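Participant: fold the following for me, if possible:
(2 chains)
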Protein chains: 2
Amino acid sequence: MKKVRIGIIGVGNMGTGHATYLQKGDINGAVLTALLDNNQERAELLKEKVSSDVQVFTDEDAFFESGIVDAVLIATPHYEHSHLAIKAFEHGLHVLCEKPAGVYTKQVRKMNEAAEKSDKVFSMMYNQRTNPLYQKLRDLIQTGDLGEIRRINWLITNWYRSQSYYDSGGWRATWAGEGGGVLINQSPHQLDLWQWLTGMMPTRMRAFCHFGKYRDIEVEDDVTAYAEYENGATAVFITTTGEAPGTNRLEISGDRGKVVVENGELNFWRLRVPEPEFNRNFKGGFGAPECWKVEVPIEGKETAHAGITQNFVDAILHGTRLLTPGEEGIKGLTLSNAMQLSTWLDDWVELPIDEELYYKYLQGKIANSTEKKEVKSVSLDVDGTY
Amino acid sequence: MKKVRIGIIGVGNMGTGHATYLQKGDINGAVLTALLDNNQERAELLKEKVSSDVQVFTDEDAFFESGIVDAVLIATPHYEHSHLAIKAFEHGLHVLCEKPAGVYTKQVRKMNEAAEKSDKVFSMMYNQRTNPLYQKLRDLIQTGDLGEIRRINWLITNWYRSQSYYDSGGWRATWAGEGGGVLINQSPHQLDLWQWLTGMMPTRMRAFCHFGKYRDIEVEDDVTAYAEYENGATAVFITTTGEAPGTNRLEISGDRGKVVVENGELNFWRLRVPEPEFNRNFKGGFGAPECWKVEVPIEGKETAHAGITQNFVDAILHGTRLLTPGEEGIKGLTLSNAMQLSTWLDDWVELPIDEELYYKYLQGKIANSTEKKEVKSVSLDVDGTY
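Facilitator: Predicted structure coming up:
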């Protein structure tokens, strides 16, 4: 294979973005050959816009059986991700899937099983993993500079969305259309980073979601979640779309100090001796370990969506190691599902969660949905999204 | 009355500090006339140290019936506060009480009732209310600059205490000696400020205390608490004595922006139009209200303990308004009790809490205490405390 022939499935806001950089030839070793969108009107418009060597499909089976794609990039509404990924694997195609991996872990587990059965490359569009800030933080944690992790506190409340945003698509912020709110649409990157940076998943969680608190929507737009880990560490994750200007501040403390990521900076308060060692040896009253503030230099730039797509193509052509293995998508989704389930049960949720129970509750939410939003189809400028 | 004659009850670490500035004549209109400490050995040492016009008592009744004090400053272990305050009111004395108000709200309510029955001045040593940073923040909130409050997030984890600190007093960090850990000893100031700044008390809380997590103690040394308010606002309060270097960062967001207090600075991200107004009028996709960062100037200095004592004396002599009315002590203690009770019940706690239930649980903890710490009596340099 000289060039990976890519077909994009779902050419809405995000799909259009992917098509644009692929058409510009920004991805080495890749060529855009097909688009699939089940919206007839949009497909007609696309035909006028794309070059003649890109084939536009509205029929899913015709697309999959066309023989003109080696890999698919799935950018449809969330519910369709797993079904389409499974179909792609069954047709011997590589898969790069937009976040989130899906809406409920039961379907994502099936997607992962299909991926495992195939020998195809499977990647997830967790483009924020290309941010050198988070790469450096992960490096700092994984090499032990921070020591044993004790607390994680992420305040990610700068996902402001107005009512007009929600009104721009009838599927937005509905149980049937998205399967959730801020947890499934805006915060999946942070939910992924949360577990990727530390390499830890909680053992149990207690979360407090508020549904339609700030907007006329039925899903969660305000979340506070508390988590506990096997090593005794605890975490708090707070997110909302209702606040302005909001905050994005991640603090992780370990027994060798603490790190804070905020305003594009990574600061590390490094203890000269690990805290447990200080505690063993100190005999005085109010003393604390000596601590130096380190401004950790960040090199490189965030390659974003195109960076993930390039890594995906390199993995297909050259066996390059994936930065965002698709199978890991279930982790962030588990955190998200656990937060909703804990709220619905008004109780603790042990991880991994009871997938069937979550699915049952979600179906109930869909069945009892009272959302009858006037369906508009407005294309948004996605410069402000991720 | 030309000068208020003050007697200090409990001359340990804090009491010694109060005696020192009173003896130096730092408080206008006040004179130190008596000390009461039930530790015979310490009382003997005090007699050698203080000037001859200060009388040292070891007998509580002799002190109260001496007729040489107009006001008492209570700086004993927490359990004794309410009993001593009630006794002082019954003897017609004014009362300035060290924080916390007490250990359980049932006893503090009785203290408040005794204060109300008397016509004496009653103040609480919430010296951090003299910090101009918090005074400005309160002003900013109370005058409506921040708008309706939506979220409070306080990360107050810089209360590092080593095992040697806990070992310096047999009463420290025991249910019988202190009735709690970080919530009752280190964080009462923040628990008070939390409610004083906003003027709001939660309607219910769900908290997660960990007992003896970092140190060989039986009380809580790590706490994450979630709170909900009548107006829909939520809050998270996180505190521990086990982390280094820890953080003290308070963020409050309202519908007109957000404020952050950290590193001695007060920054206010001020929306040009209130968020609800923006939301009503905005018709686009990803827009958010325009926001200006304001570095709020802080004038004046923190007058600390002496400032509270001066205010107390001024209230007695001139009817000056109290900055820290004693009756408000029950509020911070209610938050503290609620956090422990929620953990013990592993469930929500509605506020005001069930005082009898809390008291019952506390008695159980005391009865089942396994702490048999070797009792040492080390005087600590309190420069590092509050």
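
Participant: need the contact partners of the least confident helix or strand in chain A by mean pLDDT.
Facilitator: Lowest on mean pLDDT, DSSP states H and E among the helices and strands of chain A sits helix A:40-49, with a mean of 89. Residues from elsewhere that reach helix A:40-49, judged by C-beta atoms under 8 Å, 6 or more residues apart in numbering or on different chains: A:V11, A:G12, A:L35, A:D37, A:V56, A:F57, A:T58. Using the backbone N, CA and C atoms, a C-beta is placed for each residue, glycine as well.

Participant: could you single out the nearest of the residues you listed to B:C97?
Facilitator: Among the contacts of helix A:40-49, A:G12 lies closest to B:C97 (C-beta to C-beta), at 63.5 Å.

Participant: A:A75 is in contact with the closest one, correct?
Facilitator: Yes: contact criterion C-beta atoms under 8 Å: A:G12 and A:A75 qualify, at 6.9 Å.

Participant: who's more crowded, the two?
Facilitator: When A:G12 and A:A75 are compared for neighbours, A:A75 comes out ahead with 25 against 19, by other C-beta atoms under 10 Å in any protein chain shown.

Participant: quick check: the more buried one vs chain B, distance?
Facilitator: 17 Å (C-beta to the nearest C-beta, to the nearest Å).

Participant: ok, now which ones touch that residue?
Facilitator: A:I8, A:I9, A:G10, A:V11, A:G12, A:M14, A:G15, A:H18, A:E98.

Participant: the last one: neighbouring residues, count only.
Facilitator: Counted with other C-beta under 10 Å, residues neighbouring A:E98 total 25.

Participant: that one and A:M14 touch, don't they?
Facilitator: Yes: in this structure, A:E98 is within contact of A:M14 by C-beta under 8 Å, at 5.8 Å.

Participant: would you pull up the residue in the stretch 1-150 of chain A closest to chain B?
Facilitator: Nearest residue of the stretch 1-150 of chain A to chain B (C-beta to the nearest C-beta) works out as A:R150 at 6.2 Å.

Participant: I'd like the contacts of helix A:40-49 as TSV, with distance to A:L323, pLDDT and secondary structure appended.
Facilitator: As requested, the contacts of helix A:40-49 are exported to TSV (distance: C-beta to C-beta, whole Å; pLDDT from 0 to 100; DSSP: H, G, I helix; E, B strand; the rest coil):
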residue	distance to A:L323	pLDDT	secondary structure
A:V11	25	94	coil
A:G12	25	89	coil
A:L35	25	97	strand
A:D37	28	96	coil
A:V56	30	96	strand
A:F57	29	97	strand
A:T58	33	96	coil
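
Participant: and the furthest pair within those?
Facilitator: Longest span within the contacts of helix A:40-49, C-beta to C-beta: A:G12 and A:F57, 15.2 Å.

Participant: just the helices in the stretch 151-300 of chain A please.
Facilitator: A:163-166, A:188-198, A:275-281 (DSSP state H, counting those that start in this stretch).

Participant: any idea which of those helices is most buried?
Facilitator: Using mean count of other C-beta atoms under 10 Å in any protein chain shown, the stretch among those with the largest mean neighbour count is helix A:188-198, at a mean of 23.

Participant: and the angle for the strand or helix carrying A:L341 with helix A:188-198?
Facilitator: Using DSSP states H and E, A:L341 falls within helix A:329-345. Here helix A:329-345 runs at an angle of 110 degrees relative to helix A:188-198 (axes from the mean of the first three to the mean of the last three C-alpha atoms, to 10 degrees).

Participant: tell me the buried residues in helix A:329-345?
Facilitator: A:329-344 (16 or more other C-beta atoms under 10 Å in any protein chain shown).

Participant: for it, the averaged confidence score.
Facilitator: Averaged over helix A:329-345, pLDDT sits at 98.

Participant: run through the neighbouring helices and strands of the helix or strand that that helix is followed by.
Facilitator: Sequence-wise, the next helix or strand downstream of helix A:329-345 (DSSP H and E) is strand A:349-350. For strand A:349-350, the elements it packs on are strand A:204-211, helix A:329-345, judged by 3 or more C-beta pairs under 8 Å, 6 or more residues apart in numbering or on different chains; DSSP states H and E.

Participant: number of nearby residues for A:D222?
Facilitator: 24.

Participant: return the distance of it relative to A:R215.
Facilitator: As for A:D222, its distance to A:R215 is 10 Å (criterion: C-beta to C-beta, to the nearest Å).

Participant: overlap of the contact sets of the two?
Facilitator: Counting by C-beta under 8 Å, 6+ apart, the shared contacts of A:D222 and A:R215 are A:T241, A:G242.

Participant: which stretches of chain A aren't confidently modelled?
Facilitator: Applying pLDDT under 70 to chain A flags residues A:372-386.

Participant: wait, A:I330 touches A:P100, no?
Facilitator: No: the pair A:I330 / A:P100 is not scored as a contact, 9.7 Å apart, by C-beta under 8 Å.

Participant: can you pull the contacts of A:R272?
Facilitator: A:R272 neighbours (C-beta under 8 Å, 6+ apart): A:P289, A:E290, A:C291, A:W292.

Participant: cool, and A:Q107?
Facilitator: Residues near A:Q107 by C-beta under 8 Å, 6+ apart: A:S82, A:H83.

Participant: that one is in what secondary structure piece?
Facilitator: helix A:105-117.

Participant: before we move on, what about A:L357?
Facilitator: Per DSSP H and E: helix A:355-367 holds A:L357.

Participant: report the buried residues of that helix.
Facilitator: A:E355, A:Y358, A:Y359, A:Y361, A:L362, A:K365.

Participant: which one of the residues you listed is nearest chain B?
Facilitator: A:Y361 (20.2 Å).

Participant: tell me which parts of the stretch 1-150 of chain A are close to chain B?
Facilitator: With C-beta under 8 Å from any C-beta of the partner chain as the criterion, the stretch 1-150 of chain A meets chain B at residues A:R150.

Participant: strands of the stretch 1-150 of chain A, start to end?
Facilitator: Using DSSP state E, counting those that start in this stretch, the strands of the stretch 1-150 of chain A run over A:4-9, A:30-36, A:55-57, A:71-74, A:94-97, A:122-124, A:149-156.

Participant: same deal with the stretch 201-350 of chain A?
Facilitator: With DSSP E, counting those that start in this stretch as the criterion, the stretch 201-350 of chain A has strands spanning A:204-211, A:220-228, A:234-240, A:248-254, A:257-262, A:265-271, A:291-295, A:349-350.

Participant: report the buried residues of stretch A:22-31.
Facilitator: A:L22, A:I27, A:A30, A:V31.

Participant: and the end-to-end length of stretch A:204-221?
Facilitator: 22 Å (C-alpha to C-alpha, to the nearest Å).

Participant: wait, does it contact chain B?
Facilitator: Yes: Stretch A:204-221 is in contact with chain B by C-beta under 8 Å from any C-beta, via A:R206, A:F208, A:H210, A:K213, A:R215.

Participant: out of those residues, who's the most crowded?
Facilitator: A:R206 (23 neighbours).

Participant: thought that one was touching A:T234?
Facilitator: No: counting by C-beta under 8 Å, A:R206 stays clear of A:T234, with 10.6 Å between them.
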